[in-house]
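S.K.: Kindly return the folded structure for what I paste below:
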Amino acid sequence: MGLPEHWGTTPDERARHTPADVLVPAPRARWTRGVTSAASPEDLWLWVCQLTVAPYSYDLLDNRGRRSPRLLTPGADDLRVGQRLLVLFVVDSFDPGEQLTLRLRRRGTGSLAEFAITYAVAPDPRGSRLIATVTVDGAARGGLLRYALAWGDLVMMRRQLRTLAELAGAN
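M.R.: Okay, here's the model as predicted:
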């Protein structure tokens, strides 16, 4: 499978079981997105934790026009389960330096009744990899709606992952 379900990931990365898979055990959709960063896994992890501060995607659309910080925010890596972030999400679980899993703050009833994301950081010969696995259930039963959601998620998350990877590699 290719776009829009998967972007920038290997078959092994797509097959990896993540905490998001547990949160949505029978997803109607599962998408993976990945980037390589020149940063060490430790540095990239600090930027993943910045998601508690800002979305790092298209700020005009998802950050009320405010620019996501370009410097690390002290304490952003002090994660806690239940912590709210990115308006709709809470931290469901995390393993420092390895993975951060988010879920919807409230179970929905529409196209996103269940929605979870695991951001995983792994070493790579070129620095590190950031892989996001998204699991979705709900009214996204129809192929057309699911396809539209996959494209929308890809556009936003592609920008997010690239921005985090670039900022981590620049510091």
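S.K.: for the lengthiest helix in the chain, packing partners?
M.R.: Using DSSP state H, we find that the single longest helix of the chain is helix 143-170. Helices and strands touching helix 143-170, by 3 or more Cβ pairs under 8 Å, 6 or more residues apart in numbering; DSSP states H and E, are strand 29-37, helix 41-49, strand 127-137. From N, CA and C alone the C-beta is placed, and that goes for glycine too.
S.K.: Quick one: low-confidence residue ranges for the protein.
M.R.: 1, 107-112, 138-144, 171 (pLDDT under 70).
S.K.: Let me have the helices and strands packed on helix 143-170 in a markdown table, extended by distance to Arg80 and mean neighbour count.
M.R.: What follows is the helices and strands packed on helix 143-170, written out as a markdown table (distance: least, Cβ to Cβ, whole Å; neighbours: other Cβ atoms under 10 Å):
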| stretch | distance to Arg80 | mean neighbour count |
| --- | --- | --- |
| strand 29-37 | 25 | 22 |
| helix 41-49 | 12 | 22 |
| strand 127-137 | 21 | 23 |
